[in-house]
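Visitor: Starting from these lines, generate the structure:
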Amino acid sequence: MAEQTIQQETFWRFSVLQRTVHLTVMFAFIGIGLTGFSMAFSSMAPARAFAWFLGGVDSVRYLHRLFAVVLYLCVVTEVLWLIYYKFILRGNLLGPHSICFTKQDLSYFRDHIGYILALRNAPPPFERFAWWEKLDYWTLFIGMQTMGLTGLLLWFPEFFSRFVPGYFINLAQVLHFDEAVLAVLYKFFIHTTVRHFRPEVYPGDWTIFTGKTTKEKIRRTHPGEWARLNASVQANSAGER
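Guide: Below you'll find the model as predicted:
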């Protein structure tokens, strides 16, 4: 984005890869949630009707695992991108454009809470990703490891029973369900509310779908990034003289 001139009103914020991964995660997450809860509550009429609609419990089980594989492939894609960003593009994983947490985020968090409580006149100068955007990202990323591990134990119980006690399978079932409940509650309530219903972007933030954002939005929500963008453009202009 820094390569664009600051006179433009529209800026590219997310690449095609990032938007594709987000859409894939969104649909796979919905699919894995619907199929998973229909199996967990199979004694209830709505769950039985949903299973019948999909062709029976075997179809539900197959689709649940398919969505799980697709979802985890997105996690693998993110890991590969971080490796590419670090070693090929020579990016700084602790820099201002990174999704990784830094020490600066602690002070931003403190200052942001102060702003929310009206103890500060202005929000902190967030960089490309605010602390709560990073938290949103890493919550899903880390949570997927629990879901993936417990899901594998439930998918291949006979195989894993050769190496771990049988009660690990029961424990995996409990953890898998509890993590699923937390994930659904977080994504459909906290994530949706923060991303689309906060005053700065209401009634919705479509940047992750279009890939584009505006000059005014960057200045308002990510002033630190806007300052760096201006500085980069001014430095390039000075170098061309």
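Visitor: Please count neighbours and contacts with C-alpha atoms only from this point.
Guide: Noted.
Visitor: List the residues that contact the most centrally placed residue in the chain.
Guide: In the chain, the residue lying closest to the centroid (CA atoms, centre = their mean) is Y137, at 3.6 Å. By CA atoms under 8 Å, 6 or more residues apart in numbering, Y137 lies in contact with I99.
Visitor: For I32, grab the count of nearby residues.
Guide: The local packing of I32 (other CA atoms under 10 Å) involves 23 other residues.
Visitor: which SSE is it in?
Guide: Secondary structure assigned from DSSP states H and E places I32 in helix 16-40.
Visitor: ok, and for that helix, which residues are buried?
Guide: Of the residues in helix 16-40, 18-19, 21, 24-25, 28-29, 31-36, 38-39 count as buried by neighbour count, 16 or more other CA atoms under 10 Å.
Visitor: which element follows that helix toward the C-terminus?
Guide: Following helix 16-40 in sequence order, the next helix or strand is helix 45-54 (DSSP H and E).
Visitor: how far out from the middle of the chain is that following helix?
Guide: Computed by CA atoms, centre = their mean, to the nearest Å, the separation of helix 45-54 from the middle of its chain amounts to 30 Å.
Visitor: how many neighbours does L94 have?
Guide: Counted with other CA under 10 Å, residues neighbouring L94 total 13.
Visitor: Secondary structure of it: a helix, I assume?
Guide: No - assigned with DSSP: H, G, I helix; E, B strand; the rest coil, L94 falls outside any helix and is coil.
Visitor: In this structure it contacts K103, no?
Guide: No - contact criterion CA atoms under 8 Å: L94 and K103 do not qualify, at 9.0 Å.
Visitor: what about the helix holding I32, average pLDDT?
Guide: When pLDDT is averaged over helix 16-40, the result is 96.
Visitor: In the longest helix seen in the chain, which residues are buried?
Guide: Criterion DSSP state H: the longest helix present in the chain is helix 57-87. Across helix 57-87, burial judged by 16+ other CA under 10 Å covers 57, 60-61, 63-65, 67-68, 70-72, 74-75, 78, 82.
Visitor: That helix: what's the following helix or strand?
Guide: helix 103-116.
Visitor: How about residues contacting that following helix?
Guide: Contacts for helix 103-116 (CA under 8 Å, 6+ apart): R120, N121, A122, P123, P124, P125, F126, A130, W131.
Visitor: related to what we said a few turns ago, what is the helix holding I32 packed up against?
Guide: Here helix 16-40 touches helix 45-54, helix 57-87, helix 167-185, helix 207-210, going by 3 or more CA pairs under 8 Å, 6 or more residues apart in numbering; DSSP states H and E.
Visitor: got TSV for those, with distance to I142 too?
Guide: Shown next, in TSV, are the helices and strands packed on helix 16-40 (distance: least, CA to CA, whole Å):
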stretch	distance to I142
helix 45-54	29
helix 57-87	10
helix 167-185	11
helix 207-210	21
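Visitor: Next, format the ones you listed as JSON lines and append distance to F160 and mean pLDDT.
Guide: Formatted as JSON lines, the helices and strands packed on helix 16-40 follow (distance: least, CA to CA, whole Å; pLDDT from 0 to 100):
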{"stretch": "helix 45-54", "distance to F160": "28", "mean pLDDT": "96"}
{"stretch": "helix 57-87", "distance to F160": "17", "mean pLDDT": "96"}
{"stretch": "helix 167-185", "distance to F160": "8", "mean pLDDT": "95"}
{"stretch": "helix 207-210", "distance to F160": "39", "mean pLDDT": "94"}
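Visitor: Compare those and give me the one nearest M147.
Guide: Nearest of those to M147, taken as CA to CA: helix 167-185 at 5.8 Å.
Visitor: Residues contacting the closest one, please?
Guide: So helix 167-185 is contacted by G33, A40, L140, G143, T146, M147, T150, G151, L153, L154, P157, S161 (CA under 8 Å, 6+ apart).
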